[in-house]
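K.L.:
generate coordinates for the sequence data below:
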Amino acid sequence: MRPRMMTIAVALAAAVTGVVTVVPSSATKAATAPALPAGLARPSAPPVPSRIAVHFDLAKGQMPENIAVGPDGTAYVTFAAARQVAAVTPSGGTRILATLPAPADGGVNTPVLKFALTTGIVRMTDGTLYFLYASGDAASTGLYRLRPGGVPQRIAALPAGGLPNGLAFDAVAKRFYLTDSVLGTISTVALGGGRVEVWSSAPELAAAGFLGANGIKVRADAVWATNLDQGTLLRIPSRHGRPGGVQVVATGLVGIDDFAFAGAGDQRVIATLNGPNTVVSIDAAGRARTLLTAGDGLQNPTSVALRGRTLYVLSAAYTTGVDPNLALATLPRR
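P.N.:
As a prediction, the model looks like this:
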């Protein structure tokens, strides 16, 4: 593991276990992730078939953070530590589409994590990609647009003192919603970029020692988000474009990161629990059921996406320090 990754390894381990473990600078692997939280023990029989489809190169910083899937099954991912956006084909080929320049200080002023990283990503029907870059530098932190065959362009500046993380698009309002895991906010920006407005800074979005608001999705008349530190799945009704009261849909989800909706409604959510190396299904009552674990090859899963019944799961190996990958699983028919 790179020396600069020790910070996130220690911090993420602390967020999961509540105990800070000092990792020697010469270590090649972080401490083993803790046992699953109570109530999330894996059933005796595997609930879904899965396989590791692609192994990424940890030495090159290919720690996949977020994913958007195209209609042909191509996965568009952000490689956090490499500051890259890549396309992963159904056959397993990986093509780098863009690499963001490192800030002059190397990224050490990036809040909490201390390295510059690409985070949330959204793909439009015309193939245009939008993604977030957190660098600790006011000149480069922001929302970027990458048209097919083009170069990345920053279309909205974001606070250098924050950590923009999750990204979602509201096709009706033609606006992006994004989380900031350090500032504990959800902000909006128009499709064309420009001015960024804080949409919610509710206390339910705040960090509690590491990272707060994380994954985000727009569904019907609500914005959904996760809080990694607080282990919660949240729903915020949107009324005339303004946030209503925060509804806590599920709790006890240690290290929850990204999520996706299974089906047309919002009655079932598939989410990654980063530190526990787990993917869970969450029902309308907030009950979580384990789908995948480290036994399926998960290495700090960061994000999920669905294409039909195929579940795409990215693992960044932030604390395990072994085998960042893309796993594919087949969800059962309902």
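
K.L.:
hey, which helix or strand in the chain has the poorest pLDDT?
P.N.:
Lowest by mean pLDDT, DSSP states H and E among the helices and strands of the chain is helix 6-17, with a mean of 50.

K.L.:
flag every buried residue along stretch 319-334.
P.N.:
319-321, 324-329, 331 (16 or more other Cβ atoms under 10 Å). All C-beta spots, glycine's among them, are computed from the backbone N, C-alpha and C.

K.L.:
same thing with stretch 204-218?
P.N.:
For stretch 204-218, a neighbour-count test (16+ other Cβ under 10 Å) marks 204-207, 210-218 as buried.

K.L.:
now stretch 240-247
P.N.:
243, 246.

K.L.:
can you give the contact residues for that stretch?
P.N.:
173, 186, 199-200, 202, 204-205, 223, 234-238 (Cβ atoms under 8 Å, 6 or more residues apart in numbering).

K.L.:
pick out whichever of the buried residues of stretch 204-218 sits closest to Ala284.
P.N.:
For those, the minimum distance to Ala284 (Cβ to Cβ) is 15.6 Å, reached by Lys217.

K.L.:
which two in the buried residues of stretch 204-218 are spaced the farthest apart?
P.N.:
Phe210 and Val218 (25.3 Å).

K.L.:
you'd agree Ile121 is up against Phe131?
P.N.:
Yes. Ile121 lies in contact with Phe131 (Cβ atoms under 8 Å); the separation is 4.3 Å.

K.L.:
between the two, who's got more neighbours?
P.N.:
Between Ile121 and Phe131, counting by other Cβ atoms under 10 Å, Phe131 is the more crowded of the two (28 against 22).

K.L.:
show me what the mean pLDDT comes to for the strand or helix carrying that one.
P.N.:
Phe131 belongs to strand 129-134 when assigned by DSSP states H and E. Strand 129-134 carries an average pLDDT of 98.

K.L.:
each with direction, which strands does it pair with?
P.N.:
According to DSSP bridges, strand 129-134 forms sheet pairs with strand 117-123 (antiparallel), strand 142-146 (antiparallel).

K.L.:
what's in contact with the longest one?
P.N.:
With contact meaning Cβ under 8 Å, 6+ apart, strand 117-123 is reached by 65-70, 76-85, 100, 107, 110, 129-135, 163-169, 176, 178-179, 216.

K.L.:
rebuild the buried residues of stretch 319-334 as CSV, extending it with distance to Gly149 and pLDDT.
P.N.:
Putting these into CSV (distance: Cβ to Cβ, whole Å; pLDDT from 0 to 100) gives the following:
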residue, distance to Gly149, pLDDT
Thr319, 37, 96
Thr320, 36, 96
Gly321, 35, 97
Pro324, 27, 98
Asn325, 28, 98
Leu326, 24, 98
Ala327, 29, 98
Leu328, 27, 98
Ala329, 32, 97
Leu331, 34, 91
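
K.L.:
in the stretch 151-300 of the chain, which spans are strands?
P.N.:
153-157, 164-170, 175-180, 185-190, 196-200, 213-219, 222-227, 232-239, 242-243, 247-250, 256-261, 268-273, 278-283, 288-292 (DSSP state E, counting those that start in this stretch).

K.L.:
quick one: closest of those strands to Thr125.
P.N.:
strand 164-170 (10.9 Å).

K.L.:
how far out from the middle of the chain is the closest one?
P.N.:
Chain-centre distance of strand 164-170: 10 Å, with Cα atoms, centre = their mean, to the nearest Å.

K.L.:
partner strands of it, parallel or antiparallel?
P.N.:
Checking strand 164-170 against DSSP bridges gives partners strand 175-180 (antiparallel).

K.L.:
ok now the strand it pairs with, how far from the chain's centre?
P.N.:
13 Å.

K.L.:
got any residues that touch both of Ile121 and Phe131?
P.N.:
66, 78, 85, 167.

K.L.:
what sits closest to the last one if chain neighbours are left out?
P.N.:
Residue nearest to Leu167 in three dimensions, not counting chain neighbours: Gly120, with 3.0 Å by Cβ to Cβ, 6 or more residues apart in numbering.

K.L.:
any idea how far Ala53 is from Ile216?
P.N.:
25 Å (Cβ to Cβ, to the nearest Å).
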